[in-house]
Every structure is written in C-alpha cells, then in structure tokens.
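Asks: sequence plus the predicted model coming up.
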Amino acid sequence: MSLLAVERITAGYGQSQVLFDVSLQVSEGQVVSLLGRNGMGKTTTLNTIAGVLEARSGNILISDHCVNGWQAYDIARLGIGLVPEGRQVFPNLSARENLLATAANRFNDANPWTLDRVLTLFPALEPRLEFMGNLLSGGEQQMLAIGRALMTNPRLLVLDDATEGLAPQVRTAIWHALSELKNAGLGILLVDKHVVDLLPLVDKHYVMEKGHVVWSGDKAAWQSQPEIYSKYFSI
C-alpha cells in the first residue's frame, strides 16, 4: 500500500523557488531516504509534505488523499508523524508531558503507541521522564522527539536530520529503533548525512541536487554505483 506519493511538486519561499518537479514514493513498511548536501531542498521537501509549506504545483497524496492546500494539522491526522530538524521538543514541559501531549489513537490500533511502549523502545528516557525537555542531552531529545511522533500512532514517520550531531553510540541506538519500527510495518521517510549507516536499513534512496531529484534507486543500485557518492556528496 502506498502511504505517500509526491508527484512533481514545486515549492519555495517568497520569490525564490527551491523545489523543481520533485517526485518520490513511500510504501507501507518501507524505509526511504532523502539524501544530498546541505541546502539542496531536503528539509523544504519534508516541510511541503507535512503542510508546513504549501506546494506551488504538483500533487501530494497521503493514503490516496490528495492533500494539496491542507493545513499541517489535518495532514498529521492522516497518519504523518514529523520529527523536525532541531528536534523542537517543548522546553518547558517534562519529558513525560512532551510524550503525553501528543497521544492519540485515531486509527484505533489494537496495539497503540503508549508511554510504556515508547520507554521500551527508548529505555534511556525512563530515568529522565520528570526532567524538562531543555535539560535533556541532544540524544535524549532526539529519542523524545521520535517518541512524541510515535505517540500520535502514525502510519508514516518523517525524520529530518535523524541523527545530526549525535554521538556514535546514540546514532546506533536510533538506527536500531528505526529498524524495529520498520519490522513493525511503519513507513519511514528520513533525511540523514550518515549514508553508510543507512545502507542496512533503507529500501530506496532519493538524491537531491539544487532542488531536483537527480538519482533514485534501491540498495542494490546504490551499491553498484559508487560514483554517486563522489558526485553528489563529496566536497
């Protein structure tokens, strides 16, 4: 089942156009990466999908609903869980309150995401539940941001800079958690710079350059074309 289909969208800010005919797709239980150097349009693409920014043309379909022009909160109710760049946890709420604030089971899942289930996925959060969000480490905040999105019981988890600035041990914990989510059938669309770490997890890659999708392919295609990395990622 297709969770997300982005069809030739354009978007930008003011007079500046950032995205040019961007297309991508995510299916149920699939992990898809959106890759590229900084400033190539990855965050703009995610924000347009989530309704934070309105597409100027093209179509965005979420579970076969065309959401062009929809408000971000209405798009979220279709099952989109956004983990934004910079985590953006609520700084003056405790970790527990951050998680409970977004709790919803709109699809009446038999095994919904609850506080206990999030703590099973991220046990490092349990001793920090009563700490304010701004007192958590960067890794703890990222776990909290993912847990907060999961508490909405999404069908598609969207992560911007999934492991940016995190220690290797924390990155490994995040990858392990995302692998468990994939095995549970959750669709995942993510942006991350640690391309090598992504390879065991991701089913399909899209590479962006100056607002265009310039390459897409599965794991086998990526591994068979090592020149992609030097062309689009080397500085």
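Replies: Great, that's in hand. Numbering: from 1, shown residues only.

Asks: which element follows the worst-scoring helix or strand of the chain on mean pLDDT toward the C-terminus?
Replies: Using mean pLDDT, DSSP states H and E, the weakest-scoring helix or strand in the chain turns out to be helix 195-198, at a mean of 81. The helix or strand immediately downstream of helix 195-198 is strand 204-209, counting by DSSP states H and E.

Asks: list the contacts of the least confident helix or strand of the chain.
Replies: 33, 35, 163, 171, 175, 190, 192, 205, 229, 233 (Cβ atoms under 8 Å, 6 or more residues apart in numbering). No exception for glycine: its C-beta is placed from N, CA and C like everyone else's.

Asks: quick one: buried residues of it?
Replies: By 16 or more other Cβ atoms under 10 Å, the buried positions in helix 195-198 come out as 195, 197-198.

Asks: stretch 108-127 now?
Replies: Buried-residue list, stretch 108-127, by 16+ other Cβ under 10 Å: 112-115, 118-119, 121-122, 125.

Asks: and of the residues you listed, the nearest to residue 136?
Replies: Checking the buried residues of stretch 108-127 against residue 136 by Cβ to Cβ gives residue 125 as the nearest, at 8.4 Å.

Asks: isn't the closest one right up against residue 141?
Replies: No. Using Cβ atoms under 8 Å, residue 125 is not in contact with residue 141, being 10.0 Å away.

Asks: state the next helix or strand along the chain beyond the top helix by length along the chain.
Replies: When the chain is parsed with DSSP state H, its longest helix is helix 168-183. Next in sequence after helix 168-183, counting helices and strands by DSSP H and E, comes strand 187-191.

Asks: roughly how far is that following strand from the heart of the chain?
Replies: Relative to its chain's centre, strand 187-191 lies at 4 Å (Cα atoms, centre = their mean, to the nearest Å).

Asks: now swap in stretch 10-18 and tell me
Replies: Taking the mean of its C-alpha atoms, stretch 10-18 sits 22 Å from the chain's own mean (Cα atoms, centre = their mean).

Asks: and the contacts of it?
Replies: Stretch 10-18 is contacted from outside by 19-22, 41, 44-45, 48, 53-58, 211, using Cβ under 8 Å, 6+ apart.

Asks: so which of these are in helices?
Replies: Using DSSP H, those in helices are 44-45, 48.

Asks: now do the helices in this structure.
Replies: Using DSSP H, the helices of the chain run over 42-50, 72-76, 95-101, 115-121, 138-150, 168-183, 195-198, 219-224, 227-232.
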